[in-house]
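>>> I'll drop the sequence and a predicted model, then ask my questions.
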Amino acid sequence: MNPVPFTTLAAAMDFVVGDRNYPLSELFVKGGFIMWPLLLLSIAGVVVLVMCCFSTRASSVLPTKLVEQAESFIRKRDYTGLSILCKDGDSCYARVMLTVANFMLRNPSAQFEEVREIAAAEGGRQAGFLSRQISWLSDIGALAPMLGLLGTVVGMMKTFFEIANGDFSGGKQRIDMAGGVAEALITTAGGLMLGIPAILAYVYFRSRVHKRVGDLEAAVTHSVSVVATQLQKPHAGGFGTFHEEQLPKVPVDPTSLRDVRGL
């Protein structure tokens, strides 16, 4: 399959009126100074879109292999190994379990309620991070039409100034007035062309984030439950092994040992 030449693609995006084509560059110039903020906002929208594509992937939120490895470390009570494992992992689940592992290392006798609160707090922070990223798309979708509306107002102001200051005896005034109306409509179209895709992207990523956060919550809840079962089990040597300090202290009368010693 032969790639489409850039010139052909650009020509396909031209605005056609009758027999005349208006390239995007010409429309950009006719739109006035408001087109520059719209251009910067469109670049920011593309950057945010790419960031959302990467940050909401399954591997960036809940890698399956990491979940299995983390559970293995938890069952062995190897929280040091769990901390090292999660420190190398760049995902939301890894950050939550890293917080849990560090808490268990600092507090070996921690209760299950405390571990659950730590995991819930970090999980909420990770969910908020994902929500904030996609909210930027919503902000762009709301701001772009407002900039377009500002361009519309500016273009209409130019038009009415031409009406107020012109005598319309010739054709020049009518041409200047048409230029102001064109500027108003171009900026409106530019704002809508940027705002509508941004809102659609926000709706898509919002549902995607909700699914990822639900999966993350289920995985963290399962991992914390495994931590709870390990907290309820005795440590190695708990059953069948007695230490000297665990034996009861019974007072002994020295006179009762005379028969044993042959005294």
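Everything's here; your move. Here the structure is a predicted model, which is why all the values come from computation and not from measurement.
>>> helices of the stretch 1-150 of the chain, residue ranges please.
Per DSSP state H, counting those that start in this stretch, the stretch 1-150 of the chain carries helices over the ranges 6-12, 24-30, 35-55, 58-61, 64-75, 79-88, 92-106, 112-165.
>>> let's have these in JSON lines, adding mean pLDDT.
Output for the helices of the stretch 1-150 of the chain, formatted as JSON lines (pLDDT from 0 to 100):
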{"stretch": "helix 6-12", "mean pLDDT": "46"}
{"stretch": "helix 24-30", "mean pLDDT": "79"}
{"stretch": "helix 35-55", "mean pLDDT": "94"}
{"stretch": "helix 58-61", "mean pLDDT": "91"}
{"stretch": "helix 64-75", "mean pLDDT": "91"}
{"stretch": "helix 79-88", "mean pLDDT": "91"}
{"stretch": "helix 92-106", "mean pLDDT": "93"}
{"stretch": "helix 112-165", "mean pLDDT": "89"}
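>>> please name the residues that touch the spatially closest residue to residue 202 that is not a sequence neighbour.
Excluding its sequence neighbours, the residue lying closest to residue 202 (CB to CB, 6 or more residues apart in numbering) is residue 137, at 3.9 Å. Bear in mind the C-beta positions are built from the backbone N, C-alpha and C, glycine included. By CB atoms under 8 Å, 6 or more residues apart in numbering, the residues touching residue 137 are 45, 48-49, 52, 198-199, 201-202, 205.
>>> turn these into a markdown table, columns for neighbour count and distance to residue 214.
Listed next are the contacts of residue 137 as a markdown table, based on neighbours: other CB atoms under 10 Å; distance: CB to CB, whole Å:
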| residue | neighbour count | distance to residue 214 |
| --- | --- | --- |
| 45 | 22 | 27 |
| 48 | 21 | 23 |
| 49 | 18 | 23 |
| 52 | 21 | 17 |
| 198 | 26 | 25 |
| 199 | 17 | 23 |
| 201 | 20 | 21 |
| 202 | 22 | 19 |
| 205 | 24 | 15 |
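>>> will you turn the residues you listed into a markdown table that also has distance to residue 120?
Listed next are these as a markdown table, based on distance: CB to CB, whole Å:
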| residue | distance to residue 120 |
| --- | --- |
| 45 | 33 |
| 48 | 28 |
| 49 | 30 |
| 52 | 25 |
| 198 | 32 |
| 199 | 32 |
| 201 | 30 |
| 202 | 27 |
| 205 | 24 |
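>>> now, which of those sits nearest residue 189?
Among the contacts of residue 137, residue 198 lies closest to residue 189 (CB to CB), at 15.0 Å.
>>> please identify the helix or strand for that closest one.
helix 172-232 (DSSP states H and E).
>>> give me the mean pLDDT for that helix.
Averaged over helix 172-232, pLDDT sits at 86.
>>> number the residues from 54 up from this point.
All right, first residue 54 from here; so that's helix 225-285.
>>> which strands or helices does that helix pack on?
helix 77-83, helix 88-108, helix 111-114, helix 117-128, helix 145-159, helix 165-218 (3 or more CB pairs under 8 Å, 6 or more residues apart in numbering; DSSP states H and E).
>>> tell me which of the ones you listed sits most buried.
helix 145-159 (a mean of 21; mean count of other CB atoms under 10 Å).
>>> send the alpha carbons of stretch 188-204 over as CSV?
Below are the C-alpha coordinates for stretch 188-204, written out as CSV (Å, rounded to 0.1, in the frame of the first residue of the first chain):
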residue,chain,number,x,y,z
SER,A,188,-10.1,16.3,32.9
TRP,A,189,-7.6,18.3,30.9
LEU,A,190,-9.4,17.1,27.7
SER,A,191,-12.7,18.4,29.2
ASP,A,192,-11.1,21.7,29.9
ILE,A,193,-9.8,22.0,26.4
GLY,A,194,-13.2,21.0,25.0
ALA,A,195,-14.9,23.8,27.0
LEU,A,196,-12.2,26.5,26.4
ALA,A,197,-11.9,26.1,22.6
PRO,A,198,-15.5,27.1,21.8
MET,A,199,-15.2,30.1,24.1
LEU,A,200,-12.1,31.2,22.2
GLY,A,201,-14.0,30.8,19.0
LEU,A,202,-16.8,32.8,20.4
LEU,A,203,-14.4,35.5,21.4
GLY,A,204,-13.1,35.6,17.8
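>>> thanks a lot, see you next time.
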